[in-house]
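Asks: here's a sequence, model it:
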Amino acid sequence: MDVKDLFKKIEDYENKDVVLEGWVRNNRNQSNFGFIDFNDGTYFQNLQLVYDKELSDFDKISKIRVGSAIRVNGTIIKSVGSGQSHEMKVKSVEVLGDCPEDYPIQPKRHTREFLRELAYLRPRTNLFNAVFRVRSVAAQAIHEYFQSNNYVYFHSPIITGADCEGSGQMFKITTLDMNNLPLGKDKKVDFKKDLFGKQTYITGSGQLHGETFALAYKKIYTFGPTMRTENSNTKTHANEFWMIEPEIAFCDMNGIMDIEEEMLKFIIKYVMERCPLEIDFFDKFVEKGLKDKLNKVLNSKFVRITHKEAITLLKEAKVDFEFKPEYGEDIAKEHEKYITEHFNGPVFITDWPKDIKAFYMKLNDDNETVAAVDLEVPGSGELIGGSQREDDYDKLINRMKEMNIPLENLDWYTNLRRFGGCYHAGFGLGFERLIMYLTGVENIRDVIPYPRTPNNCDY
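Replies: Sure, this is the predicted structure:
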């Protein structure tokens with residue numbers, strides 16, 4: 001049986017024998033008895049195993065090393081010690097997989113940097129066991145929210161010929177021999193000889209393809225990996241990460257903000273209800289006050305202000321910002337922090353300058369701003385970015401020309417505005433950013449099982 005099922009109904013198993021299989025987290029033996037901290041991965045809390053001299057193989061059990069996989073048979077009894085309500089009185093232990101003395105995950109505190117070098121073993125530690133369980137539960141919460149609200153789960157392609165953001169930050173893929181590239185008369189690579197007959201990329205976003213399905217199903221969402229080539233060594237950037245990207249037809253910017261707020265609250269509540277031990281652990285050892293922070297979001301009504309209002313607020317603040325806030329420009333992390341603290345909760349910033357936003361965002365009547373929105377949350381800054389999409393064909397084409405977005409590869413996208421187009425909107429939520437927010441873990445490398453960052457592609 002699973003330890004999680006045992007703990008769910010622990011009193012029903014009192015004075016009953018059970019068989020469990022899992023791993024030794026610690027083995028503390030004394031002259032006449034010993035204790036094993038046992039964990040099978042299904043539950044955050046360890047089960048304490050107690051063995052004594054009455055066992056014929058006491059000496060053998062006392063020498064079982066940390067990290068070993070075992071099968072244990074014993075009786076569940078009330079614990080006479082502190083720290084747990086019940087424990088197992090061992091009848092027999094079988095070692096299924098031995099572990100050497102130099103096993104690197106010993107029962108002591110290891111640095112996160114050290115554990116990144118042992119990414120294949122770090123899920124066996126308390127911190128990462130909790131992080132990746134929350135990641136799993138949060139993923140389920142995302143699916144439950146969208147599926148229960150009539151969304152279709154759309155699997156966007158990983159290989160694409162379209163640059164969604166127009167930034168060029170996409171990995172190129174090819175089957176050509178890099179040491180013997182076929183060149184045309186212009187000395188450029190002849191991609192007609194490549195597998196797909198043209199230059200192709202690994203997707204940086206599923207949004208553009210998602211819009212095509214939204215205009216058939218009304219409401220869709222993507223949830224999967226995306227890759228970008230940004231050479232950024234920060235705590236919040238990675239070259240491979242997961243994105244949640246809903247797209248909704250007949251939805252404007254106000255509607256998309258309603259959905260963002262409802263979705264985020266649903267996920268937070270879902271995770272807190274299903275991972276109480278993990279959240280308590282994070283609150284105690286990772287980010288003190290995490291539970292209060294999350295509960296505050298659940299009980300907040302998100303504020304909505306325009307980018308212009310945000311800049312005015314920052315300019316009027318009696319704060320010596322490192323980066324001076326300016327109309328028409330982006331806002332910095334310190335600005336995001338000030339704004340959320342000023343309003344004492346999450347804040348939607350809307351109507352951004354068009355020159356710093358993507359080509360597909362709807363142009364406002366002032367011809368200076370677009371119907372874009374960023375959600376800023378206390379303790380994290382920007383968490384979600386979205387917009388109403390440009391549904392006017394001529395305006396979209398003109399915008400693409402202004403921003404030097406190639407038209408020839410995106411006719412399938414622009415034609416959506418000609419073939420029964422409608423107003424629609426969507427947003428993107430970086431999954432790892434969400435996990436960082438839910439756990440208090442500060443580095444994106446510690447919420448991805450195997451992080452892909454500049455100069456790092458191990459495993």
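Asks: buried stuff in the helix or strand containing Phe213?
Replies: Phe213 belongs to helix 207-217 when assigned by DSSP states H and E. If you call a residue buried by 16 or more other Cβ atoms under 10 Å, then helix 207-217 has these buried ones: Gln207, Leu208, His209, Gly210, Glu211, Thr212, Phe213, Ala214, Leu215. In this view, the C-beta of every residue, glycine as well, is placed from N, C-alpha and C.
Asks: which member of these is positioned nearest Asp283?
Replies: Gln207 (34.8 Å; Cβ to Cβ).
Asks: the closest one against Pro246, yeah?
Replies: No: with contacts counted by Cβ atoms under 8 Å, Gln207 stays clear of Pro246, the gap being 9.8 Å.
Asks: which neighbours do the two share?
Replies: Thr222, Gly426 (Cβ atoms under 8 Å, 6 or more residues apart in numbering).
Asks: now the angle from the helix or strand that comes right after the helix holding Phe213 to helix 207-217?
Replies: Of the helices and strands lying after helix 207-217 in sequence (DSSP H and E), the nearest is strand 219-227. Angle of strand 219-227 versus helix 207-217, following axes from the mean of the first three to the mean of the last three Cα atoms, to 10 degrees, is 160 degrees.
Asks: other SSEs contacting whichever helix or strand comes after strand 219-227?
Replies: For strand 219-227, the following helix or strand on the C-terminal side (DSSP H and E) is strand 240-249. Here strand 240-249 touches helix 207-217, strand 219-227, helix 253-274, strand 424-430, helix 431-439, going by 3 or more Cβ pairs under 8 Å, 6 or more residues apart in numbering; DSSP states H and E.
Asks: how about these, which one is nearest Lys337?
Replies: helix 431-439 (14.0 Å).
Asks: show residues contacting the closest one.
Replies: Residues contacting helix 431-439 (Cβ under 8 Å, 6+ apart): 130-131, 134-135, 138-139, 142, 223, 236, 238, 241-244, 267-268, 271, 278, 282, 286-287, 290, 294, 377, 379-380, 383, 441-444, 447-448.
Asks: make a markdown table from the buried residues of helix 207-217 and add pLDDT and distance to Lys357 to it.
Replies: Output for the buried residues of helix 207-217, formatted as a markdown table (pLDDT from 0 to 100; distance: Cβ to Cβ, whole Å):
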| residue | pLDDT | distance to Lys357 |
| --- | --- | --- |
| Gln207 | 92 | 13 |
| Leu208 | 92 | 15 |
| His209 | 93 | 20 |
| Gly210 | 95 | 18 |
| Glu211 | 96 | 16 |
| Thr212 | 96 | 21 |
| Phe213 | 97 | 23 |
| Ala214 | 98 | 20 |
| Leu215 | 97 | 22 |
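Asks: format the residues you listed as TSV; extra columns: distance to Glu402.
Replies: Listed next are those as TSV, based on distance: Cβ to Cβ, whole Å:
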residue	distance to Glu402
Gln207	20
Leu208	18
His209	23
Gly210	24
Glu211	20
Thr212	23
Phe213	27
Ala214	25
Leu215	24
